[in-house]
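A.B. asks: Sequence plus predicted model, see below.
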Amino acid sequence: MDVMEAIFGRRSVRRFRADPIPDEDLRKILEAAIRAPSAGNRQPWEFVVVRDPNRKQEIARAALGQWFIAEAPVVIVVCANEERSASRYSDRGRKLYCIQDTAAATQNMLLAAYSMGYGTCWVGAFDEGSVASIINAPRGVRPVAIIPIGMPAESPSDRGRIPLERVMHEETF
């Protein structure tokens, strides 16, 4: 599958089959994540791979009751190591660059997983402090996304996009 097919075909999946994800597939998905660009090559991402059913339930509860998260065989909590970015870029690294960089890594994971036949959903609605506690995140490492991954048990349709002509501007607004 080429990258454009992955970009145009990927959808947010919220129903998963119970099939396990082979370790080599999970590794490929995570390898794709760490190939993302990052400010100053600081690579501020940290990934917590969660398979334990009880911990997945806790994460789903902390994600405002989005129980589909716990159905996925694997959940990855993407974290931003704020200090890794701040060490070079100070406050801007801590508040912005580490978020941008982990977002790029997250998108790479979503596309890689889709190209391998897996479904994913980028979850950003969650109680950050609760998730940090569940995964025992050290100080300065901030959970920024939750990504359930598994074989899809649904085929969501395209939800449409705002036409490019409405969001593209030449030179100025």
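C.D. replies: Perfect, thanks for sending it. For clarity, every value in this text was computed on a predicted model and none was experimentally measured.
A.B. asks: so after the longest helix along the chain, what's the next helix or strand?
C.D. replies: Of all segments of type helix in the chain, defined using DSSP state H, the longest is helix 98-115. Downstream of helix 98-115, the first helix or strand assigned by DSSP states H and E is strand 119-120.
A.B. asks: so where do the strands sit in the chain?
C.D. replies: 45-50, 74-81, 119-120, 141-150 (DSSP state E).
A.B. asks: Compare these and give me the one nearest Gly9.
C.D. replies: strand 119-120 (11.4 Å; C-beta to C-beta). All C-beta atoms are positioned from the backbone trio N, CA, C, and that covers glycine.
A.B. asks: what does the closest one rub up against?
C.D. replies: 10-13, 16, 109-110, 113-114, 147-154 (C-beta atoms under 8 Å, 6 or more residues apart in numbering).
A.B. asks: tell me the contacts of Val141?
C.D. replies: 46, 79-82, 132.
A.B. asks: ok, now how distant is the closest residue to Ala62 other than its chain neighbours from Gly124?
C.D. replies: Leaving aside its sequence neighbours, Ala62 sits nearest to Ser130 (C-beta to C-beta, 6 or more residues apart in numbering; 3.8 Å). Using C-beta to C-beta, to the nearest Å, Ser130 is found at 14 Å from Gly124.
A.B. asks: Distance of the residue nearest to the spatial centre of the chain relative to Arg94?
C.D. replies: In the chain, the C-alpha nearest the mean C-alpha coordinate belongs to Thr106, at 3.8 Å (C-alpha atoms, centre = their mean). As judged by C-beta to C-beta, Thr106 and Arg94 stand 19 Å apart.
A.B. asks: Then Pro152?
C.D. replies: Taking C-beta to C-beta, one finds Pro152 at 36 Å from Arg94.
A.B. asks: who's more crowded, these two?
C.D. replies: Neighbour count, other C-beta atoms under 10 Å: between Pro152 and Arg94, Arg94 has more, with 21 against 18.
A.B. asks: shouldn't the more buried one be in contact with Ala86?
C.D. replies: Yes - using C-beta atoms under 8 Å, Arg94 is in contact with Ala86, at 3.9 Å.
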